[in-house]
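A.B. asks: 3D, please:
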Amino acid sequence: MKRRLRILTWHVHGNYLYYLTQVPHDFHLVNDASRPQHHSGRSGTLPWGANVHDLPVERVRESEFDVVIFQSRAEWETVQHEILSEAQRRLPRIYIEHDPPQEHPTDTRHWVADPNVLLVHVTHFNDLMWDSGPTPTQVIEHGVLLLSDARYSGHVPRGAVVVNNLPSRGRRLGLDVYREVERRVPLSLYGMDSKAIGGEGEVGNSRLPDVLAAHRFFFNPIRYTSLGLAIVEAMMVGLPIVGLATTELVTVIRNGENGFVDTDVDVLVDCMKELLADAALARRLGEAARVTALERFGIDRFVADWQDALTRVAH
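C.D. replies: Okay, the predicted model is just below:
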């Protein structure tokens with residue numbers, strides 16, 4: 001894509017949006033104080049580039065765009081009809097689906113259902129599980145650009161866990177799994193509202209890589225989700241990964257090479273205890289995890305894939 005595009009989107013997942021804006025186009029983020037969710041513009045502590053612009057909601061209709069990128073059901077089903085003109089709703093459109101289906105895991109029809117929209121899934125697992133109907137799809141796997149040069153030390157004999165709002169998100173995000181493992185293995189839980197269950201609280205985006213780097217391993221208790229960016233970020237730092245052998249993670253982690261995955265929590269607990277007892281093993285697996293992350297989830301590949309998708313819709 002040689003010409004520079006004007007892209008309208010929403011602030012849905014902060015870190016993902018930061019990585020997406022590494023694509024060399026101009027991103028205009030809807031800013032609407034009356035709708036705090038997804039309408040916060042250039043908010044937070046992320047180091048937004050000069051290509052990322054706040055756009056007050058009252059100026060959306062008078063602005064010119066080349067592409068609209070949707071990232072949530074509310075924006076697709078409701079908000080676009082409230083804030084976009086009819087002409088803007090006919091622009092080239094992309095919908096990023098960040099999650100697998102939340103209702104039936106295999107028989108849920110995606111709500112976009114439009115052959116003129118490109119549905120981008122962030123994992124092949126998502127693409128496999130959704131019934132995307134007539135909507136064309138493309139898989140663009142994560143790409144990560146760490147906000148610090150942190151490298152693994154593993155000197156703290158604990159596992160790091162990163163899940164936002166785990167107390168309220170229950171079994172799907174593995175609250176019960178975390179509670180069981182935490183009784184048997186020393187873990188440090190980070191993320192929004194984690195202090196409610198004895199965790200460490202939220203850590204700023206730029207500090208998180210350094211915080212992770214000190215831990216012996218990274219544990220992912222989530223049963224059913226996409227591939228969490230925190231996992232990839234931990235791998236980039238050099239942590240070995242331990243997690244449930246479900247969803248996309250089984251294509252990323254190879255047992256005994258860059259971490260451990262299993263559906264038996266007792267097996268995972270034994271693996272964590274082995275990593276705590278053998279720092280050299282943890283470092284070796286973590287180095288392999290970093291190689292995997294650099295090869296599969298590098299920011300250059302991510303940017304190239306997005307350039308291809310944008311060319312596909314805005315040729």
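
A.B. asks: who are the contact partners of the closest residue in space to residue 101 that isn't next to it in sequence?
C.D. replies: Distances taken as C-beta to C-beta, 6 or more residues apart in numbering put residue 108 closest to residue 101, at 3.7 Å, once the chain neighbours are dropped. No exception for glycine: its C-beta is placed from N, CA and C like everyone else's. Residue 108 makes contact with 101-102, 130-131, according to C-beta atoms under 8 Å, 6 or more residues apart in numbering.

A.B. asks: restricted to buried residues, select these in PyMOL.
C.D. replies: Selection of buried members from these for PyMOL, criterion 16 or more other C-beta atoms under 10 Å:
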select buried, resi 101+130
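
A.B. asks: least confident of the contacts of residue 108?
C.D. replies: Here the lowest pLDDT out of the contacts of residue 108 sits on residue 102, with 94.

A.B. asks: need the contact list for it.
C.D. replies: With contact taken as C-beta under 8 Å, 6+ apart, residue 102 is in contact with 108, 172.

A.B. asks: can you confirm it is in a strand?
C.D. replies: No - assessed with DSSP: H, G, I helix; E, B strand; the rest coil, residue 102 is coil; it does not lie in a strand.

A.B. asks: check which helix or strand covers residue 266.
C.D. replies: Assessed by DSSP states H and E, residue 266 sits inside helix 265-277.

A.B. asks: and the contacts of that helix?
C.D. replies: Helix 265-277 has contacts (C-beta under 8 Å, 6+ apart) with 157, 159, 177, 180-181, 184-186, 216-217, 219, 240, 242-244, 260-262, 281-282, 285.

A.B. asks: so which bits of it are buried?
C.D. replies: 265, 268-269, 271-272, 275-276.

A.B. asks: may I have stretch 271-282 as CSV, with CA atoms only?
C.D. replies: Provided in CSV are the C-alpha atoms of stretch 271-282 (Å, rounded to 0.1, in the frame of the first residue of the first chain):
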residue,chain,number,x,y,z
CYS,A,271,5.9,-28.5,35.4
MET,A,272,5.9,-25.2,37.4
LYS,A,273,7.5,-26.9,40.3
GLU,A,274,10.2,-28.2,38.0
LEU,A,275,10.9,-24.7,36.6
LEU,A,276,11.1,-23.4,40.2
ALA,A,277,13.6,-26.1,41.1
ASP,A,278,15.7,-25.8,38.0
ALA,A,279,16.6,-22.2,37.0
ALA,A,280,18.8,-23.4,34.1
LEU,A,281,15.9,-25.3,32.6
ALA,A,282,13.6,-22.2,32.9
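
A.B. asks: pLDDT (mean, whole number) over that stretch?
C.D. replies: 98.

A.B. asks: where along the stretch 151-300 of the chain do the helices fall?
C.D. replies: In the stretch 151-300 of the chain, the segments counted as helices under DSSP state H, counting those that start in this stretch are 166-169, 175-182, 208-213, 229-237, 265-277, 279-296, 299-313.

A.B. asks: turn these into CSV, including distance to residue 119.
C.D. replies: What follows is the helices of the stretch 151-300 of the chain, written out as CSV (distance: least, C-beta to C-beta, whole Å):
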stretch, distance to residue 119
helix 166-169, 25
helix 175-182, 30
helix 208-213, 30
helix 229-237, 20
helix 265-277, 33
helix 279-296, 22
helix 299-313, 10
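
A.B. asks: can you tell me which of these is nearest to residue 48?
C.D. replies: Residue 48 sits nearest to helix 299-313 of all the helices of the stretch 151-300 of the chain, at 15.6 Å, using C-beta to C-beta.

A.B. asks: remind me what the closest one packs against, helices and strands.
C.D. replies: Counting contacts by 3 or more C-beta pairs under 8 Å, 6 or more residues apart in numbering; DSSP states H and E, helix 299-313 packs against helix 14-20, strand 93-97, strand 117-121, strand 137-139.

A.B. asks: any chance of CSV for the ones you listed, columns mean neighbour count, distance to residue 67 and mean pLDDT?
C.D. replies: Below are these laid out as CSV (neighbours: other C-beta atoms under 10 Å; distance: least, C-beta to C-beta, whole Å; pLDDT from 0 to 100):
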stretch, mean neighbour count, distance to residue 67, mean pLDDT
helix 14-20, 20, 12, 94
strand 93-97, 23, 7, 98
strand 117-121, 23, 10, 98
strand 137-139, 16, 14, 98
